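Trainee: sequence and predicted structure below; questions after.
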Amino acid sequence: MTGLSVHDLRFNYGPKQALDGVSFDIAPGAFCALLGPNGAGKSTLMALLTRLFTTRHGTIRVAGHDLARDPRLALARIGVVFQQTTLDLDLSVYRNLSYFAALHGISGREAHTRIMEALDRLGMAERAHETARDLNGGHRRRAEIARCLIHRPSVLLLDEPTVGLDAAARRTITDHVHDLARDTGLTVLWATHLSDEVRDTDRLIVLHQGRVLADGLAGPLRGPHPLADYFLSLTGAPA
Ligand SMILES: Nc1ncnc2c1ncn2[C@@H]1O[C@H](COP(=O)(O)OP(=O)(O)OP(=O)(O)O)[C@@H](O)[C@H]1O
């Protein structure tokens, strides 16, 4: 298994149990939507997957590397898009990506090739020399996703990456990331509370109050019902 594997993960904020025995395996090249209402535990899970938080309860394996035992190897295989933008708005798109490449020890011609390849994948090559501040929200997000690809990760983690974007920009970004999983074998974990971002062919994990309530292909799970109705019936919360 070279994708993402989580086993019996538990995490507490003091007396508050945010994750209560979360387990799943995501195969390489799969697009997995992590659907949960506010407070489900999505951000806590992302924080554990990126090692912002640690826990003694449970295991995480990234591309076969145990995150607790081999953090450097595991983290090197991850690309992350956080909820809040982390671009330097005063730099060009290209400089944002070349700075990130340098942090990963990639420079010169190799860095240039990877940067342009990544921007091209996200339909952003023509905007390489625009200042990040001048981009709209959707283009900023695409630049951030391109930046995540520079070090050629195996697993891409996105924490509600479409928050604040309009419907067209949300659609473009979800399409791009689905294409990435299909074309490059990248394993994707896409946290969202919006059921319209999930396709029937996606793997779907429903998280609620720190527990996995459902895990499978989205189409068969929802059956004849719209996904939003299925989600409501499981969690009592709208999506
Ligand atoms: N620093 C904290 N201290 C105490 N409780 C917290 C803290 N951060 C989160 N929680 C609680 O842990 C639970 C999971 O929160 P988390 O932010 O992981 O959920 P989420 O699914 O990401 O929600 P959202 O979509 O609102 O970001 C919630 O009940 C939340 O109130």
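Mentor: Ah, there it is. Residues are numbered from 1 along each chain as shown.
Trainee: touching, residue 138 and residue 174? I think so.
Mentor: No. With contacts counted by CB atoms under 8 Å, residue 138 stays clear of residue 174, the gap being 11.1 Å. Glycine gets a C-beta too; all of them are placed from N, C-alpha and C.
Trainee: who has more neighbours, the two?
Mentor: residue 174 (23 against 18; other CB atoms under 10 Å).
Trainee: quick check: which element contains the more buried one?
Mentor: Using DSSP states H and E, residue 174 maps to helix 167-184.
Trainee: what residues does the protein have near the ligand?
Mentor: When proximity is defined as CB under 6 Å from any ligand atom, the chain approaches the ligand at 13, 16, 18, 36, 38-44, 193.
Trainee: can you redo those residues as CSV with pLDDT, secondary structure and neighbour count?
Mentor: Output for these, formatted as CSV (pLDDT from 0 to 100; DSSP: H, G, I helix; E, B strand; the rest coil; neighbours: other CB atoms under 10 Å):
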residue, pLDDT, secondary structure, neighbour count
13, 96, strand, 9
16, 94, strand, 9
18, 97, strand, 21
36, 93, coil, 27
38, 88, coil, 8
39, 90, coil, 15
40, 94, coil, 24
41, 96, coil, 24
42, 94, helix, 24
43, 93, helix, 19
44, 96, helix, 22
193, 89, coil, 20
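Trainee: so which residues make contact with stretch 69-84?
Mentor: Contact partners of stretch 69-84, identified using CB atoms under 8 Å, 6 or more residues apart in numbering, comprise 43, 46, 49-51, 60-63, 65-67, 141, 144-145, 148-149, 151, 153-161, 163.
Trainee: restricted to strands, list the residues you listed.
Mentor: Those of the contacts of stretch 69-84 mapping onto strands are 60-62, 65-66, 155-159, per DSSP state E.
Trainee: of those residues, which is the most crowded?
Mentor: Among the ones in strands among the contacts of stretch 69-84, residue 62 has the most neighbours (other CB under 10 Å), with 28 neighbours.
Trainee: hmm, residue 157 and it touching each other?
Mentor: No. Contact criterion CB under 8 Å: residue 62 and residue 157 do not qualify, at 9.5 Å.
Trainee: domain-wise, how is the chain divided?
Mentor: 1-77+154-239, 87-152 (automatic domain parsing).
Trainee: what about the last one, start to end distance?
Mentor: When the termini of domain 87-152 are compared using CA to CA, to the nearest Å, they are 19 Å apart.
Trainee: in the chain, which spans are helices?
Mentor: Assigned by DSSP state H, the chain shows helices spanning 42-49, 71-76, 93-103, 108-121, 137-149, 167-184, 218-222, 227-235.
Trainee: okay, these in CSV with distance to residue 32 next?
Mentor: What follows is the helices of the chain, written out as CSV (distance: least, CB to CB, whole Å):
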stretch, distance to residue 32
helix 42-49, 12
helix 71-76, 18
helix 93-103, 25
helix 108-121, 20
helix 137-149, 16
helix 167-184, 9
helix 218-222, 10
helix 227-235, 15
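Trainee: out of those helices, nearest to residue 210?
Mentor: Nearest to residue 210, of all those, is helix 42-49, at 7.9 Å by CB to CB.
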